[in-house]
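Visitor: My questions are about this predicted structure, shown below with the sequence.
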Amino acid sequence: MVDPSSPPPPAAADDAAEGTRQVLARMGAPAELAPRLVAVFGPTAAHELTADPWRLLELPAVTVQQADFCARTLLGDAAHPDDPRRGRALVAHLLRRAARSGHTALAEARVAGALRDQQVRSVDAAMSAATDGPHVQLVEVFPDSADDDEFGEDSPEMPDAERFLALDGLGLAEQQLGEGLLRLISAEPIMDSATAVETVQAAAASLDRELLPETAAAMVTVALRGVSVLVHGAGSHATIADAVRYASAIAEESQVGLVVAAPTASGAAALNLRLADSAVRAGTVAGLLDAGGPGEAGLVVLTDATALDTETAAALVAACGDDTHLVLVADPGLLPSVGPGQLVDDLITSRVAAVAVLPGDPAPGPQVLLAAEVADGRFDPTDVHAPDREVVVVPAASAGEAAHRAVQLITDAVPRAFGIAAEHVQIITAERTGEAGSDAVNAACKAHFNPGPGAVAGLDPGDRVLLAGSGPGYLPGDAGVLGAVGEKGAAVELVDGRTVTVSVPAHLRPGWAITVPAAQGGTWPAAILVYGPDAPVSRAQFYTALTRGESHVCVVTANAPALSGAVRDATAPERHTRLVQILRES
């Protein structure tokens, strides 16, 4: 495939698009798909579709029924449900859809069942066609055999293998992530435990901080173990900042060097504000990878680690040297990453990495107390105690009214009542579509803040934007302001002050309102949460949204009882990954 970020020259792109439109016309498909197909397949898009019309399924918006219709229109009687091309495309389509839901691999039996649901009779042939192609890999895992003594002198039969299917790049990344983590886990200690305690105690004294036993124990773990997970709950911002300071003291004392990174620019900017009294500065994971990794640094601290997807985590781990100690600071109550995988949960489950607990806020405010209740499955919107209105619940009669109130809050009420400028207030919605979705709220915000023709993918310079893809210096979830647009792409000034160039228009989305998954890894002074009457919500989703605002959170809900019920009963959907197996096998 051709990288969409490196499109062919304009003339070639025009010719390719025209040829693709002609093929689409012959198969009864909309001509509007042509540019997207050229972005995926490159100049040979027309040839690729003529040879295999089911490759339409490589576009996320195309359904199996639509692809089948187009194939029958183009191929006539030659199109049938057991066509190997169809089977190959269906398997890849199922795995891509699974990846968008966070899964890194699916059991072969589950894929087989989904193929039967699509009237594929020769399921084995379809999966063989898929694994013989370039996009899907088959993984076999043999379960641990029983003790040989149970079988006497006779050798036991080899147990049947568990078989999984994964997208080739994603499956490889997960394997490399597991192997890379095991490499780091075997790293030698940076210093012994007694020296680590003395170093942290001295750092706390110089900062005039009380060193709690839990923090001291966590920092000893950092010094001793190659990979450690420091877990925390809501309201631990100050504790995290102190842990970074203590990690800096360990790195300085042992002369190994320190790198601190956050998944998003807003997360890095918020952490840097808390570290303003020290020489330590946090960057972003994207910036770290663009620089070639942590270099000679022997201690790498990653905050908001639940936001890191499998492929990004694999790249980060691969960039670490053999002696590097990797520290993942994470709140397990949050949603996992937007992309596939669940790094933190899998590491904790595997028990191959060290886990330590950071203490919470010794004097939690109303927002932290409410978040703790939500984490325990309790939310009563009529019983929120916040004397200074740190948390406000605003009822709405409908989805449309919820969106209207959110716009009123960001344009007037929050800046006026709390002195927080609108550019530091983030609207977070439960969904993208619908009257209370981020698309509708963004349209209203753009009309108020920066009306214009929408010359760049519906946006104009000065618009607040969310980056929905990966590129040089940025990852999904980064946010900023759209600047000048040139031949190489659009300049975006990120929240942390860096400017990146975005060459793929599809990576740019309006950013006044974003969905909860997109807010993972981000922190803002104030957040406005918007829930329509039928909004999809789980406990982890609401907890994630509730913890994105540092000083003020406003919950706008058009169905408070449903929100309370979801917090009580709805858990986040399970993700299917192989990382625990990879870590335990080795």
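Guide: That came through fine.
Visitor: so after the lowest-mean-pLDDT helix or strand in the chain, what's the next helix or strand?
Guide: Within the chain, no helix or strand scores below helix 10-26, which has a mean of 81 by mean pLDDT, DSSP states H and E. Next helix or strand after helix 10-26 toward the C-terminus (DSSP states H and E): helix 34-41.
Visitor: what's the burial count for residue 206?
Guide: Look at residue 206: counted by other Cβ atoms under 10 Å, it has 10 neighbours. All C-beta spots, glycine's among them, are computed from the backbone N, C-alpha and C.
Visitor: sorry, back to before: counting neighbours, which bits of the least confident helix or strand of the chain end up buried?
Guide: For helix 10-26, a neighbour-count test (16 or more other Cβ atoms under 10 Å) marks 13, 16, 17, 19, 20, 21, 23, 24 as buried.
Visitor: Measure how that helix sits relative to helix 34-41, angle-wise.
Guide: Counting by axes from the mean of the first three to the mean of the last three Cα atoms, to 10 degrees, helix 10-26 lies at 110 degrees to helix 34-41.
Visitor: Using CSV, write out every CA atom in helix 10-26.
Guide: Provided in CSV are the C-alpha atoms of helix 10-26 (Å, rounded to 0.1, in the frame of the first residue of the first chain):
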residue,chain,number,x,y,z
PRO,A,10,-1.2,16.1,-8.4
ALA,A,11,-1.5,15.1,-12.0
ALA,A,12,-0.9,11.4,-11.2
ALA,A,13,-3.4,11.6,-8.4
ASP,A,14,-6.0,13.2,-10.7
ASP,A,15,-5.5,10.4,-13.3
ALA,A,16,-5.7,7.7,-10.6
ALA,A,17,-8.9,9.2,-9.2
GLU,A,18,-10.5,9.4,-12.6
GLY,A,19,-9.7,5.8,-13.4
THR,A,20,-11.0,4.7,-10.0
ARG,A,21,-14.2,6.6,-10.6
GLN,A,22,-14.7,4.7,-13.8
VAL,A,23,-14.3,1.4,-12.0
LEU,A,24,-16.7,2.5,-9.3
ALA,A,25,-19.3,3.5,-11.9
ARG,A,26,-19.1,0.0,-13.4
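Visitor: tell me what that helix is packed against?
Guide: helix 34-41, helix 45-51, helix 64-75 (3 or more Cβ pairs under 8 Å, 6 or more residues apart in numbering; DSSP states H and E).
Visitor: Dump the second one to PDB, keeping only the CA atoms.
Guide: By that I understand helix 45-51. Taking C-alpha atoms only, helix 45-51 is exported to PDB below (Å, rounded to 0.1, in the frame of the first residue of the first chain):
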ATOM      1  CA  ALA A  45      -6.400   1.800  -7.200                       C
ATOM      2  CA  ALA A  46      -8.400   1.200 -10.400                       C
ATOM      3  CA  HIS A  47      -6.500  -2.000 -11.200                       C
ATOM      4  CA  GLU A  48      -6.700  -3.200  -7.600                       C
ATOM      5  CA  LEU A  49     -10.500  -2.900  -7.500                       C
ATOM      6  CA  THR A  50     -11.000  -4.400 -10.900                       C
ATOM      7  CA  ALA A  51      -9.000  -7.500  -9.800                       C
END
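Visitor: What lies in contact with it?
Guide: 16, 19-20, 22-24, 27, 34, 37-38, 41, 55-56, 74 (Cβ atoms under 8 Å, 6 or more residues apart in numbering).
Visitor: same thing but 10 Å
Guide: The contact list for helix 45-51 (Cβ atoms under 10 Å, 6 or more residues apart in numbering) reads 1-2, 15-24, 26-27, 29, 33-42, 44, 55-56, 58, 70-71, 74-75, 85.
Visitor: ditto for stretch 194-210
Guide: 189-192, 211-212, 215-224, 238, 242-243, 245-254, 277-278, 362.
Visitor: Looking at the record's assignment, how would you partition this structure?
Guide: For the chain, the structural domains run 10-141, 187-362, 366-569, going by automatic domain parsing.
Visitor: who wins for proximity to residue 583 among those domains?
Guide: Between residue 583 and those, the shortest gap by Cβ to Cβ is with domain 187-362, which sits at 4.2 Å.
Visitor: was I right about residue 288 contacting residue 317?
Guide: No. Contact criterion Cβ atoms under 10 Å: residue 288 and residue 317 do not qualify, at 11.9 Å.
Visitor: Overlap of the contact sets of those two?
Guide: What both residue 288 and residue 317 touch, as defined by Cβ under 10 Å, 6+ apart, is the set residue 300.
Visitor: hmm, back to that, let me have the domains of the chain in CSV, extended by distance to residue 578.
Guide: Listed next are the domains of the chain as CSV, based on distance: least, Cβ to Cβ, whole Å:
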stretch, distance to residue 578
domain 10-141, 5
domain 187-362, 9
domain 366-569, 22
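Visitor: Rounded mean pLDDT for stretch 384-397, please.
Guide: Averaged across stretch 384-397, the pLDDT comes to 92.
Visitor: Oh, that last question was meant for stretch 283-292, not what I typed.
Guide: 94.
Visitor: what distance separates the start and the end of it?
Guide: Taking Cα to Cα, to the nearest Å, the first and last residues of stretch 283-292 lie 13 Å apart.
Visitor: Going by neighbour count, list what's buried in that stretch.
Guide: 283, 284, 285, 286, 287, 288, 289.
Visitor: and what of stretch 489-497?
Guide: 489, 490, 491, 492, 494, 495, 496.
Visitor: One more: stretch 500-517?
Guide: 500-502, 504, 507-517.
Visitor: got it, and stretch 294-308?
Guide: 294, 297-308.
Visitor: Need the distance between the two termini of that stretch.
Guide: For stretch 294-308, the end-to-end distance is 17 Å (Cα to Cα).
Visitor: Work out for me the element residue 493 sits within.
Guide: Residue-wise, residue 493 maps onto strand 489-494 under DSSP H and E.
Visitor: For that strand, which strands pair with it and how are they oriented?
Guide: strand 479-486 (antiparallel), strand 499-502 (antiparallel) (DSSP bridges).
Visitor: quick one, what contacts residue 334?
Guide: Counting by Cβ under 10 Å, 6+ apart, residue 334 has contacts 234, 304-307, 344, 375, 516, 520-521, 540-541, 543-545, 547-548, 572.
Visitor: SS state for it?
Guide: coil (DSSP: H, G, I helix; E, B strand; the rest coil).
Visitor: how about it, phi and psi?
Guide: phi -80, psi 160 (degrees, to the nearest 10).
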